[in-house]
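Student: build the 3D model from these lines:
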Amino acid sequence: MVNRKKEWVLKAFHGEPVDRVPVGFWYHFLPEEELGRGLNSRALFNKNLEGHRQFIKDVNPDFIKIMSDGFFTYPNPLITTDVSSVQELADIHSIGEDHPWFEQQVELVKAIKNSFTEDIVAIYNIFAPVTYLKWQLSGQIASGDTIIANLLQEDASTLKKVLDTIAEDIAILVRKIITEANIEGIYLSVQSIQDDRVSAEDYRNYIAPSDLRILEAARQADGLSVLHICGYEGASNDIRFFKDYPAQVYNWAVGPEGVSLSQGRGIFGGKTVLGGFVNTKEGLLYRGSKESVQAQVKELLQEAGTRATIIGADCTIPSDIAAERIAWVREAASW
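Tutor: A predicted model of the protein is given here:
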């Protein structure tokens, strides 16, 4: 029998009428310098696991995005900060279906799910292939766009081949996570390349196919997809570019992109939208009074309606936020 909480959230994901709008916020459990160092590290594995356990205890979430903290680095030995030409990546191949990077993430998700106090909808954090590539080439999180632009200018076809190869490995991860760890789906983070040399047409021809491969892998595994169009640290995206990406739920930086929840729902064909709050320490969720936070929830629901809406944030929220602030949002969402 399906848990009523899970059933309710799944209805919201699919745009069906619900008695209360779900609320979904999340934050990291490892510091930035450890986000890519989790492979073969039992200490970071346990740190992430314990972070999820405490989050569930403190927040009692409607649903959860399981954070892939520790596994931000895709461990293909060909991809290093020493790469200066895309030709150095031309012979790239899969890391192999039995690689520990896959198995340890499946183990992590299973362990986190086993720590649940109730059966809730769980989606796993996955990055676009180009995101794994640019971070690994640059050696830094939220960096590497100039490198990708350089590689595309050098030889776009070879770059596409590299991304397609990475995508096939990420598709393996998606399939394993959904089928072996038995969770509902993925949260795929995509982002336009933050370099004016990469046009929308370039992205469509050479980068988007690798994004779409990940969404297709989730579909083939009978999983759901939440598409996160990442506006982290001021990154700018034309969300209309992603309107044909086949997901069930769409999330973007509402304020910075200048697209409200209801406007976004129109762009995405009436499907469910997630967001509304600024995710930074300067935002209302982190700094505002209970009255102002709850007034914002009411304004969001008035603007977006209660059907095909999930209240959340532009992106990951600060990890030191008080759990009671999320409770304020949930309380106000109970219209």
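
Student: name the element Asp91 belongs to?
Tutor: Using DSSP states H and E, Asp91 sits in no helix or strand.

Student: ok, it - contacts?
Tutor: Asp91 makes contact with Leu78 under the criterion Cβ atoms under 8 Å, 6 or more residues apart in numbering. Just so you know, the C-beta spots here come from the backbone N, C-alpha and C atoms, and that holds for glycine as well.

Student: what sits up against stretch 194-210?
Tutor: Around stretch 194-210, the neighbours that count as contacts under Cβ under 8 Å, 6+ apart are 128-130, 145-146, 148-149, 152-153, 156-157, 159-160, 163-164, 166-167, 192-193, 235-236, 238, 241.

Student: burial check on the residue nearest to His14 when sequence neighbours are not counted, number of neighbours?
Tutor: Spatial nearest neighbour of His14, excluding adjacent residues (Cβ to Cβ, 6 or more residues apart in numbering): Gln248 at 6.3 Å. When counting by other Cβ atoms under 10 Å, one arrives at 20 neighbours for Gln248.

Student: contacts only, for Gln248.
Tutor: 13-14, 185, 224-226, 271-272.

Student: which parts of the stretch 201-335 of the chain are helices?
Tutor: 208-220, 254-257, 261-267, 284-287, 290-304, 323-333 (DSSP state H, counting those that start in this stretch).

Student: go on, the stretch 51-200 of the chain?
Tutor: For the stretch 51-200 of the chain, applying DSSP H, counting those that start in this stretch gives helices covering 100-114, 129-138, 145-154, 156-180, 200-202.

Student: between those, which gets nearest to Phe71?
Tutor: helix 100-114 (5.5 Å; Cβ to Cβ).

Student: could you give the mean pLDDT of the closest one?
Tutor: For helix 100-114, the mean per-residue pLDDT is 98.

Student: same for that helix, what does it pack against?
Tutor: Packing contacts for helix 100-114, counted by 3 or more Cβ pairs under 8 Å, 6 or more residues apart in numbering; DSSP states H and E, involve helix 42-59, strand 64-66, strand 122-127, helix 156-180.

Student: who are the packing partners of the longest one?
Tutor: Using 3+ Cβ pairs under 8 Å, 6+ apart, the elements in contact with helix 156-180 are helix 100-114, strand 122-127, helix 129-138, helix 145-154, strand 185-190, helix 208-220.

Student: as JSON lines, the ones you listed with mean neighbour count and distance to Ser84 would be great.
Tutor: Below are the helices and strands packed on helix 156-180 laid out as JSON lines (neighbours: other Cβ atoms under 10 Å; distance: least, Cβ to Cβ, whole Å):
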{"stretch": "helix 100-114", "mean neighbour count": "18", "distance to Ser84": "25"}
{"stretch": "strand 122-127", "mean neighbour count": "25", "distance to Ser84": "23"}
{"stretch": "helix 129-138", "mean neighbour count": "24", "distance to Ser84": "10"}
{"stretch": "helix 145-154", "mean neighbour count": "19", "distance to Ser84": "9"}
{"stretch": "strand 185-190", "mean neighbour count": "25", "distance to Ser84": "26"}
{"stretch": "helix 208-220", "mean neighbour count": "20", "distance to Ser84": "22"}
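
Student: now render these as CSV, adding distance to Thr80.
Tutor: What follows is those, written out as CSV (distance: least, Cβ to Cβ, whole Å):
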stretch, distance to Thr80
helix 100-114, 16
strand 122-127, 18
helix 129-138, 7
helix 145-154, 12
strand 185-190, 23
helix 208-220, 20
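
Student: of all the ones you listed, which lies closest to Ile79?
Tutor: helix 129-138 (4.6 Å).

Student: contacts for that closest one next, please.
Tutor: 36, 72-74, 76, 79-81, 83, 141-145, 147-148, 162-164, 166-167, 170, 189-191, 193, 207, 210-211, 213-214.

Student: report the buried members of the residues you listed.
Tutor: Buried positions within the contacts of helix 129-138, assessed by neighbour count (16 or more other Cβ atoms under 10 Å), are 36, 72-74, 76, 79, 83, 141-142, 144-145, 147-148, 162-163, 166-167, 170, 189-191, 193, 207, 210-211, 213-214.

Student: follow-up on the earlier one: quick one, which of the helices and strands packed on helix 100-114 is nearest to Gly24?
Tutor: Proximity to Gly24 (Cβ to Cβ) singles out strand 64-66 among the helices and strands packed on helix 100-114, at 6.9 Å.

Student: output the contacting helices and strands for that closest one.
Tutor: Packed against strand 64-66, as judged by 3+ Cβ pairs under 8 Å, 6+ apart, are the following elements: helix 42-59, helix 100-114, strand 122-127.

Student: let's see that with 6 Å instead.
Tutor: strand 122-127 (3 or more Cβ pairs under 6 Å, 6 or more residues apart in numbering; DSSP states H and E).

Student: what is the neighbour count of Asp98?
Tutor: For Asp98, the neighbour count with other Cβ under 10 Å is 8.
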